[in-house]
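Participant: let's see this in three dimensions:
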Amino acid sequence: MESPFRPDILKGKVALLTGGGSGIGYEISRQLGKHGAFIAIMGRRKNVLDSAVSSLRSFGISAIGLEGDVRKRDDAVRVLESTIKHLGRLDILVNAAAGNFLVPAEDLSPNGFRTVMDIDSVGTFTMCHEALKYLKKGGPGKGPSSGGLIINISATLHYTATWYQIHVSAAKAAVDSITRSLALEWGTDYDIRVNGIAPGPIEDTAGVSKLVSEVRSNAEEQEPLFKFGEKWDIAMAALYLASDAGKYINGTTMVVDGGLWLSKPRHLPKEAVKQLSRAVERRSRDAPVGVPKSKL
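Facilitator: Take a look at the predicted model:
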């Protein structure tokens, strides 16, 4: 799809993306790059990084790949130093690295729980913490766009509760809290904006193929308007936050799911609800004056 943004809105900016070699992370990398940013992507698998960098360069994007695990502080330090060495600065950090799998809580080992927490929440904090010295270009009173930007990729799982996702729900709740706390402290002290994006189910991603493909038909039966989003939708949200259009947004996690997290199956058909509503209105209209409506 064609972007609604000017192709030069991020001209000269440098963005580092964890998990930027595949899925949603790659599409954010591609769109930031297509709009003028220099791109560094961080990941654990060299073959994925090499393929992603080659693909990005085919679009005319200046990109490098850096091997590293967000769970390891030494890797975070090294990748950030390499980003500065090769690209000269850091303006945008996108934390998109994540781990997930379906498992009933009773079958989830503490080690499995800890692994997802380490990748999603501890990894997000580690990258933010080590990137701070490169992102804090401004200071109090320097204006909302003088510092850098952090975007943390979250989810909507924990807004209510999601079956067999206790580990990821806990991790993403922590990510949202990290986003708000850093936005408060670093927005005040260094003019660094910290925001999040909470995607719904997105087509052609590992999350959909592993987690929801089996229940898609049931969801569509229960919710006629149920539909999956596209990676492009999440990338456009990231572009908005990274552009001057989002310069006054801080501490917010933007939900990009078409309102899906609000939905639930109807317990009554619409026509039955209409009939009940008309009956209540008729009784209210015909009630004797002075009779409290609570008695109807």
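Participant: going forward, measure contacts between C-alpha atoms and count neighbours the same way
Facilitator: Will do.
Participant: now do the same contact list for the nearest residue to G65 once chain neighbours are set aside.
Facilitator: In space, G65 comes closest to I41 once its chain neighbours are excluded; the distance is 5.0 Å by CA to CA, 6 or more residues apart in numbering. By CA atoms under 8 Å, 6 or more residues apart in numbering, the contact set of I41 is 16-21, 29, 49, 63-66.
Participant: try A238
Facilitator: 28, 151, 197.
Participant: where does the first one fall, phi/psi-wise?
Facilitator: The phi and psi values for I28, taken as degrees, to the nearest 10, are phi -60, psi -40.
Participant: OK, contacts around it?
Facilitator: By CA under 8 Å, 6+ apart, the neighbours of I28 are 20, 231-232, 234-236, 238.
Participant: tell me the pLDDT of it.
Facilitator: Predicted confidence (pLDDT) at I28: the value is 98.
Participant: relative to E271, how far out is it?
Facilitator: Distance, I28 to E271, by CA to CA, to the nearest Å: 43 Å.
Participant: ok, T253 touching P199?
Facilitator: No - T253 is not in contact with P199 according to CA atoms under 8 Å; the separation is 10.0 Å.
Participant: assign a three-state SS to V94, would you?
Facilitator: Under DSSP: H, G, I helix; E, B strand; the rest coil, V94 falls in the strand class.
Participant: over to I39?
Facilitator: I39 is classified as strand under three-state DSSP.
Participant: how about the residue nearest to it when sequence neighbours are not counted, phi and psi?
Facilitator: With CA to CA, 6+ apart as the criterion, I39 has its nearest non-adjacent residue at 4.6 Å, and that residue is A63. The phi/psi pair for A63 (degrees, to the nearest 10) reads phi -140, psi 150.
Participant: can you pull the contacts of A63?
Facilitator: 38-41, 53, 56-57.
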